[in-house]
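Show me the folded form of this:
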Amino acid sequence: GTVSEKFDVRPADVDDSLYREVSARRIAEATRKTRVVQASKGPSRVAPLPTARNIVKREDGKEDTRERAERMERGALEDKLMGLYERRSLWSFKQLKEETRQPAMFLKETLDGLATLNRRGPNVGMYSLKDMYKRRGAGGVGEGGGGAGGTS
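Just a heads-up that it's a prediction; the model follows:
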């Protein structure tokens with residue numbers, strides 16, 4: 001149905017003993033604890049919660065050998081990235097991470113200086129080498145004496 005009228009009910013007298021009794025009973029019921037904690041009897045063993053690594057087992061029986069990516073020097077990483085961009089002009093971040101085996105944040109910091117992320121168009125989400133590095137690679141190593149293409 002539909003609500004046609006709303007009524008707010010208030011006691012005629014706040015000092016009414018029946019009203020105080022009802023209010024006190026409601027408050028007592030609301031504050032009463034419904035759950036009880038019991039102490040266990042006997043010795044108890046505390047075990048760590050299972051993790052995904054403990055639960056999931058490999059089918060071939062080998063141990064999971066996840067290595068942490070170690071940072072290489074920034075100059076060496078830049079050289080490696082330049083070599084990758086000589087092979088192909090567009091790379092996704094995931095592909096670059098797999099090829100270089102570097103931590104994501106360090107790779108992203110280095111990429112910000114060398115490449116641009118395409119945010120629109122057919123190559124969205126792909127990194128391409130910045131124009132100043134493209135010209136340096138096309139012009140040859142001995143040209144210009146290290147002008148705009150210096151690495152940091």
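
Run a quick neighbour tally on Leu81.
24 (other CB atoms under 10 Å). Quick note: C-beta positions are derived from backbone N, CA and C, even for glycine.

Am I right that it is in a strand?
No. Judged by DSSP: H, G, I helix; E, B strand; the rest coil, Leu81 forms no part of a strand; its state is helix.

Please tell me how far it sits from Pro43.
Distance of Leu81 to Pro43, computed by CB to CB, to the nearest Å: 58 Å.

just Leu84 next, same as before
As for Leu84, its distance to Pro43 is 59 Å (criterion: CB to CB).

more neighbours, these two?
Leu84 (16 against 5).

residue ranges with poor pLDDT in this structure?
52-58, 61-68, 135-152 (pLDDT under 70).

That one: strands as residue ranges?
Secondary structure of the chain by DSSP state E: the strands cover 90-92, 115-117, 126-129.

The last one pairs with which strands?
Meaning strand 126-129. Applying DSSP bridges, strand 126-129 is found paired with strand 90-92 (antiparallel), strand 115-117 (antiparallel).

Tabulate the CA atom coordinates of it in PDB.
In PDB, the C-alpha atoms belonging to strand 126-129 read as follows (Å, rounded to 0.1, in the frame of the first residue of the first chain):
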ATOM      1  CA  MET A 126      51.900   0.700 -25.900                       C
ATOM      2  CA  TYR A 127      55.200   2.500 -25.300                       C
ATOM      3  CA  SER A 128      57.000   4.100 -28.200                       C
ATOM      4  CA  LEU A 129      60.500   5.600 -28.200                       C
END
